[in-house]
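Visitor: would you be able to build a 3D model of this:
(4 chains)
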Number of protein chains: 2
Amino acid sequence: MKLNDRAETLLRTLIELYINDGQPVGSRTLARKLKVNLSPATVRNVMSDLEDLGLIHSPHTSAGRIPTQQGYRFFVDSLLQVRPLEQLTLKEMQDKFSYERDPQLLLTKASELLSQVTHFAGVVLIPGQRSSLFRQIEFVRLASQRVLTILVTDDGRVQNRVIPTDRSYAANELVEAANFFNQVYGGTSLADVRRGLLEEMQKDSDEMHRIMATALAVAGKLFDDEDDGGDAVMLSGEENLLNVPDLCQIEKLQKLFDAFKTKQDLLDLLDRSMKVSGISIFIGEESGYRSLDDCSVVTAPYDHDGEIIGTVGVIGPTRMSYEEVIPVVDVTARLLSGALSSTADRLE
Amino acid sequence: MKLNDRAETLLRTLIELYINDGQPVGSRTLARKLKVNLSPATVRNVMSDLEDLGLIHSPHTSAGRIPTQQGYRFFVDSLLQVRPLEQLTLKEMQDKFSYERDPQLLLTKASELLSQVTHFAGVVLIPGQRSSLFRQIEFVRLASQRVLTILVTDDGRVQNRVIPTDRSYAANELVEAANFFNQVYGGTSLADVRRGLLEEMQKDSDEMHRIMATALAVAGKLFDDEDDGGDAVMLSGEENLLNVPDLCQIEKLQKLFDAFKTKQDLLDLLDRSMKVSGISIFIGEESGYRSLDDCSVVTAPYDHDGEIIGTVGVIGPTRMSYEEVIPVVDVTARLLSGALSSTADRLE
DNA sequence: CTTAGCACTCGGAATAACGGAGTGCTAAAG
DNA sequence: CTTTAGCACTCCGTTATTCCGAGTGCTAAG
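Guide: Numbering: from 1, shown residues only, chains lettered A, B, ... in the order given. Below is the predicted model of the structure:
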């Protein structure tokens, strides 16, 4: 799409005005706001062109214009000049991450941070197990037939689960089994561990090493679980969206909160955005999920030692201040990546 | 408060009608609905009395009557006949709890169950650490100066935390320390453990046993943490409240969701209800928390081996079907208690 | 190409009219 | 004394109407 300078400035100003006050922008208002002196009539002509191009439209004859989805799209792609983050905000954000090394808490904090700073909803895609590497497993005997299984992955995340067992295991049996398990599978991907376990189970159990049998019996169920292999989405500040005037219709909120509950749509969307490097922006219906029709989602992937493992993002109304939200998401992703990195581990 | 039979029936019918359709009930409607044949005029006279007693009121002159808070109170205290749970629902609820022994998941399920069955919000007060007994601690070495600490309490709940340490500990040091710790403190309350730790720390460190020093250094931080000692509230199905017509004003929802976020009010309320045996019902402003003004909360405590350790409940509009919600809350509390009990442990 | 002028459109606020549901009161009937 | 019928009255919610202002599109002149 090609626009002359004047049309661009006009469109930019219009969108900025609309993002600010949420009112359709008329030719007179726009003319007054512009640096160059133009009459409302001239502005009207340009606006008419922009409308023909599908970038803006009027809700009705005698109202001003508001950006269309394509208008927003053009705006963020070509017109937006992202303002750098306020020094104060940046400091706040850094503070939030300092002195925290637990990856799970870091993710929570990232999500909260996003919602607090933007006043919209913060969201974090938590990397699925399958992609991370197995580091360590530990078994703790709780009761005669209950074993607490602790799984540590190389990105530092910890999962635990109480597992009922068929027979009672002695403490040293469990220690042996864990050691064995750690030696055999340490450093391989969880998907491989799973595969390996399945193979072992195929074999006749008599052939199996006694320790391996124990480990299998206990850990097997941990890896059986479908849920644990998948990704998960963490959400914060949903309640902020209740304050957003653009979403103040109950039905819209219902659709949205429904999506928040099932999380599937969010998951898909964030997963898509993980495959792109840098900021992704989904505007209104672009995302393809009806539940997000009136929303925009701004996301950025984060990494662990250079490998992208998840996404952080903000969900807000389409009429959001992209120039403010984008740097917040960007910086959050960077800070999170930094805090997760092994270097940070070693420095602590 | 004393009412004659007719007035009682009338009040009950009125409240039931109002709970059903949410419309103010007029004398004609009420007269038609009553078994006994009474003219609207007579009904009006009785209603007038009930209004004088403060049990009902009209929103305006030419509308029917709706129950006041005191009306609801009288209703649940004296008029309500709780209908036993539908066989089908009961079955569903039992199914939800079967085959689950992990206490944390049980609490989650209880909360979800409450929201699913009632279509309101389900809430569970998770017992604070301080009240439960210390069973077991385990240390797992993650990196040179990071130790994963796992705390198991006698009610089967597991907490873990990655703790940065001042120096590096060898695996066997950690095992020794854990064993020692478990022997010294096993079976005492977490509050006592905390107290014991503080005392030990007072002493000159040179005097301390080497192993104890390790345990202290690692576990100390776990017990330092203020947050972990407190209670927590788990909430499900908040989004259901968006569908409730009585709460469809954005500001009300804002107040409510704000309370859900901070959780302090909920916590206080549930904590109060834990000290009462059996069902508690807070109607509208009775709770004393402005955020819950338009809501009622129905709660029941649950126990672990006979000792009350928490509360489950439902948060819905004041105009809710108490006769349906009450048994659901009641049964959930019972099922949860049963599933948590040690007997269930042993049987598994 | 830009601008002034003008007729036209449309939504939103304000106002008025109206019908319905419900009440309270009174007086008569049981 | 209680119950009932009748009636005047109140007030809400709806609908219709008007009116104003903001904004547009078009045309013709600069």
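Visitor: alpha carbons only for contacts and neighbour counts from here, please
Guide: Fine.
Visitor: just checking, A:Leu106 touches A:Tyr99?
Guide: No: assessed by Cα atoms under 8 Å, A:Leu106 is found out of contact with A:Tyr99, at 10.1 Å.
Visitor: of those two, who's got more company?
Guide: Ranked by neighbour count (other Cα atoms under 10 Å in any protein chain shown), A:Leu106 and A:Tyr99 place A:Leu106 first, with 20 against 10.
Visitor: now the more buried one: how far from A:Glu100?
Guide: 7 Å (Cα to Cα, to the nearest Å).
Visitor: anything in contact with each of those two?
Guide: Common neighbours of A:Leu106 and A:Glu100 (criterion: Cα atoms under 8 Å, 6 or more residues apart in numbering or on different chains): A:Ala339.
Visitor: pLDDT weak spots in chain A?
Guide: A:129-130, A:203-213, A:217-218, A:221-222, A:224-230, A:342-348 (pLDDT under 70).
Visitor: tell me where it has helices.
Guide: Secondary structure of chain A by DSSP state H: the helices cover A:5-21, A:27-33, A:40-52, A:69-74, A:87-97, A:103-118, A:171-185, A:190-202, A:210-224, A:226-229, A:250-262, A:264-274, A:322-340, A:342-347.
Visitor: so which of those is nearest DNA strand C?
Guide: Closest of those to DNA strand C is helix A:40-52, at 4.1 Å (criterion: Cα to the nearest atom of the strand).
Visitor: so which bits of the closest one are buried?
Guide: Buried residues in helix A:40-52, counted by 16 or more other Cα atoms under 10 Å in any protein chain shown: A:40, A:43-44, A:46-47, A:50-51.
Visitor: what angle separates that helix from helix A:5-21?
Guide: Here helix A:40-52 points in a direction 90 degrees away from that of helix A:5-21 (axes from the mean of the first three to the mean of the last three Cα atoms, to 10 degrees).
Visitor: give me the distance from helix A:40-52 to the chain's centre.
Guide: Here the centre of helix A:40-52 is set off from its chain's centre by 39 Å, with Cα atoms, centre = their mean, to the nearest Å.
Visitor: so which elements touch it?
Guide: Here helix A:40-52 touches helix A:5-21, helix A:27-33, strand A:56-57, going by 3 or more Cα pairs under 8 Å, 6 or more residues apart in numbering or on different chains; DSSP states H and E.
Visitor: which strands or helices does the first one pack on?
Guide: Put plainly, it is helix A:5-21. Other elements packing on helix A:5-21 under the criterion 3+ Cα pairs under 8 Å, 6+ apart are helix A:27-33, helix A:40-52, strand A:66-67.
Visitor: next up, the contacts around A:Ala171.
Guide: With contact taken as Cα under 8 Å, 6+ apart, A:Ala171 is in contact with A:140-141.
Visitor: up against DNA strand D, what does chain A have?
Guide: A:24-29, A:41, A:44-45, A:47-48, A:61-65 (Cα under 7 Å from any atom of the strand).
Visitor: try 10 Å
Guide: Counting by Cα under 10 Å from any atom of the strand, chain A comes close to DNA strand D at A:23-31, A:40-52, A:57-66.
Visitor: now render the helices and strands packed on helix A:5-21 as a markdown table, adding distance to A:Thr13.
Guide: Output for these, formatted as a markdown table (distance: least, Cα to Cα, whole Å):
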| stretch | distance to A:Thr13 |
| --- | --- |
| helix A:27-33 | 7 |
| helix A:40-52 | 12 |
| strand A:66-67 | 11 |
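Visitor: which one of these lies nearest to B:Asp305?
Guide: Of all the helices and strands packed on helix A:5-21, strand A:66-67 sits nearest to B:Asp305, with 62.7 Å by Cα to Cα.
Visitor: what sits up against the closest one?
Guide: Residues from elsewhere that reach strand A:66-67 (Cα under 8 Å, 6+ apart): A:14-15, A:18, A:23-25, A:55-59.
Visitor: mind running it again at 7 Å?
Guide: A:15, A:18, A:24-25, A:55-58 (Cα atoms under 7 Å, 6 or more residues apart in numbering or on different chains).
Visitor: how far off centre is that strand?
Guide: 27 Å.
Visitor: next one: stretch A:60-75
Guide: Here stretch A:60-75 is found 28 Å from its chain centre; the criterion is Cα atoms, centre = their mean.
Visitor: that stretch: end-to-end distance?
Guide: Using Cα to Cα, the two ends of stretch A:60-75 sit 23 Å apart.
Visitor: swap in stretch A:154-163?
Guide: Length of stretch A:154-163, first residue to last, Cα to Cα: 22 Å.
Visitor: what's in contact with that stretch?
Guide: With contact meaning Cα under 7 Å, 6+ apart, stretch A:154-163 is reached by A:103-104, A:132-135, A:146-152, B:102.
Visitor: the same query, at a cut-off of 6 Å, please.
Guide: A:103, A:133, A:135, A:146-152, B:102 (Cα atoms under 6 Å, 6 or more residues apart in numbering or on different chains).
Visitor: would you turn these into a markdown table with distance to A:Cys248 and neighbour count?
Guide: Converted to a markdown table, the contacts of stretch A:154-163 look like this (distance: Cα to Cα, whole Å; neighbours: other Cα atoms under 10 Å in any protein chain shown):
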| residue | distance to A:Cys248 | neighbour count |
| --- | --- | --- |
| A:Pro103 | 35 | 18 |
| A:Leu133 | 44 | 21 |
| A:Arg135 | 47 | 21 |
| A:Arg146 | 49 | 23 |
| A:Val147 | 49 | 23 |
| A:Leu148 | 46 | 23 |
| A:Thr149 | 45 | 22 |
| A:Ile150 | 44 | 22 |
| A:Leu151 | 43 | 19 |
| A:Val152 | 43 | 21 |
| B:Asp102 | 40 | 21 |
